[in-house]
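Peer 1: Give me a model of this one.
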Amino acid sequence: MPPLATRYPSRNLLAVLGATFIILASVSPCPAAEDSDTPKDGAKGATVTVLKAAKFCFPAIVEASGIIIAREETMVRPDRPGLKVAEILAEPGDTVTAGQNLARLTLPEGGNAMVQAPVAGLISATTAVIGAIASPRGEALFSIIARSEFDLVGMVPTHYISKLAVNQPARIKIVGAGEVDGKVRRVSATVEPNSQLGQVFVSITTNRRLLLNSSGRALIKTGQSCGVSVPLTAVLYGNAGTVVQIVRRARIETKRVEVGLIYGAQVEIREGLQEGDIVVARAGALLREGDPVRPVMAADAN
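Peer 2: The predicted structure is shown next:
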C-alpha cells in the first residue's frame, strides 16, 4: 500500500499551507497607534495664512463733520460819506498786510483818499466797483479773514461731547484741499434740541488757501488704548458672537473675543486673545473647529 502522503497529496499540501499562514500571521507587525494631537493626514489640511496677534496702541477718535468758516472777519469801509471808488488795488483771494492800500477813493471837494487794510489776512470778498459811492454805513468795500485763520465748525452727537476738550489734536479732511492739522479751540456748552447735536470749533493750521463754507470732517483724538491687535479680516461676527480663529497644533480653534477700538484695518481685542497667538488672517465659515490646516505666516506668503 502506498504511503499516506502519496495516497492523499492534496490533504498534505493544505496542511503545510495552513501552518505557513499561521506562522506568517504571528510575526506580522501591528499598525502603530495614531497620535490624537496630530492630524490624520497633515498633507490634506487646507493651507491658511496666519499671523501673530501683536500689541498696538489705538487712538480714540471722535468725528465731527461741518463747514469751514473764518475765525474772525473784518469789514473795511471808508470813515466818511460821499466818496467815490476811483481805483481798486486788491481782489478777493489776495493776501494783504496791515496798512496795505486796498482802493483809492475821490473826495467830494477833490483829492484822493486811500482805503487801507486794518489787519493782515486774506481778502474773502469785495463790493468795490469803480464809480460807485462808498459810505461808512453802506456795504463793506472789502471783507478780510484776519490773519488768514479758519475754523471747522463741526457737529457732534451729544454722547461724544463730554469726550472733547480744548487743545485736543485733530486731522481735518477738507473737500478740495486735502488733509490739514488742527486742534479743538472751543466746545459748545449746549446742544441743538431737535437733532441732539453739539458744536465743536476746530482751529485749522495750514498755509493752503481754503474756501469759506467748504465742507470738512475732523478726526479728533481724545485718547488712546493699547492692547492686542488683529486685522479686521480676522474677526467673524455671527449668532455665536464675535470670534477669532487661531491655529494650535495644526488645527483650528475658535475663540470668542471682545473687540474694542478700530483704527485703519486693525481692531483691538480686549478679551479672548493673548499677544503671540497664531491667528488666521482671513477667517471664514469654511474653517471649522478642529479642522487640520497647514499654516503659512503672512510674511512668508507674500
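Peer 1: Might you list the low-confidence residue ranges for this structure?
Peer 2: Of all residues in the chain, those with pLDDT under 70 make up the ranges 1-43, 300-302.
Peer 1: Next, work out how far apart the residue nearest the centre of the chain and residue 181 are.
Peer 2: Residue closest to the average C-alpha location in the chain (Cα atoms, centre = their mean): residue 264, at 3.5 Å. Relative to residue 181, residue 264 is positioned 18 Å away (Cβ to Cβ, to the nearest Å). (Glycine included, C-beta is placed from N, CA and C.)
Peer 1: for the residue nearest to the centre of the chain, what are its contacts?
Peer 2: Under the criterion of Cβ atoms under 8 Å, 6 or more residues apart in numbering, residue 264 has no neighbours.
Peer 1: now swap in residue 254 and tell me
Peer 2: Shown in contact with residue 254 (Cβ under 8 Å, 6+ apart): 243-246, 289.
Peer 1: Could you check how many residues crowd around the residue lying closest to residue 132 once chain neighbours are set aside?
Peer 2: Distance criterion Cβ to Cβ, 6 or more residues apart in numbering; nearest residue to residue 132, sequence neighbours excluded, is residue 85 at 5.1 Å. Counted with other Cβ atoms under 10 Å, residues neighbouring residue 85 total 20.
Peer 1: just checking, residue 61 is part of a strand?
Peer 2: Yes. Under DSSP: H, G, I helix; E, B strand; the rest coil, residue 61 sits within a strand.
Peer 1: who does it bridge with?
Peer 2: Following DSSP bridges, residue 61 is listed with bridge partners residue 221.
Peer 1: roughly how far apart are it and residue 290?
Peer 2: According to Cβ to Cβ, residue 61 and residue 290 sit 39 Å apart.
Peer 1: More neighbours: the two, which one.
Peer 2: residue 61 (18 against 10).
Peer 1: In contact with that one, which residues are there?
Peer 2: 219-222, 263.
Peer 1: wait, what's in contact with residue 192?
Peer 2: 155, 198.
Peer 1: For it, give its distance to residue 215.
Peer 2: The gap separating residue 192 from residue 215 is 18 Å, by Cβ to Cβ.
Peer 1: How about residue 105?
Peer 2: Applying Cβ to Cβ to residue 105 and residue 215 gives a distance of 38 Å.
Peer 1: Over to residue 282?
Peer 2: 35 Å.
Peer 1: before we move on, what about residue 170?
Peer 2: From residue 170 to residue 215 the distance is 15 Å (Cβ to Cβ).
Peer 1: So for these two, which sits in the more crowded spot?
Peer 2: residue 170 (28 against 14).
Peer 1: wait, doesn't the more buried one sit right on residue 221?
Peer 2: Yes. Between residue 170 and residue 221 there is a contact under Cβ atoms under 8 Å: 7.0 Å.
Peer 1: any idea how this protein splits into domains?
Peer 2: 43-58+226-301, 62-69+148-225, 74-146 (automatic domain parsing).
Peer 1: centre of the chain versus the last one, how much separation?
Peer 2: Between the mean C-alpha location of domain 74-146 and the chain-wide mean there is a distance of 46 Å, by Cα atoms, centre = their mean, to the nearest Å.
Peer 1: Please tell me which one of the contacts of residue 254 counts the most neighbours.
Peer 2: Counting neighbours by other Cβ under 10 Å, residue 245 leads the contacts of residue 254 with 25 neighbours.
Peer 1: quick one: which helix or strand includes it?
Peer 2: Residue 245 is located in strand 241-248, with elements delineated by DSSP states H and E.
Peer 1: Moving C-terminal from that strand, which element do we reach first?
Peer 2: Following strand 241-248 in sequence order, the next helix or strand is strand 251-256 (DSSP H and E).
Peer 1: With only the CA atoms kept, save the next helix or strand after that following strand in PDB.
Peer 2: Downstream of strand 251-256, the next assigned helix or strand under DSSP H and E is strand 258-263. Extracted in PDB, the C-alpha atoms of strand 258-263 (Å, rounded to 0.1, in the frame of the first residue of the first chain):
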ATOM      1  CA  GLU A 258     -14.500  91.200  22.900                       C
ATOM      2  CA  VAL A 259     -13.500  93.900  20.400                       C
ATOM      3  CA  GLY A 260     -12.700  97.500  21.300                       C
ATOM      4  CA  LEU A 261     -11.400 100.400  19.200                       C
ATOM      5  CA  ILE A 262     -10.900 100.200  15.400                       C
ATOM      6  CA  TYR A 263      -8.200 102.100  13.600                       C
END
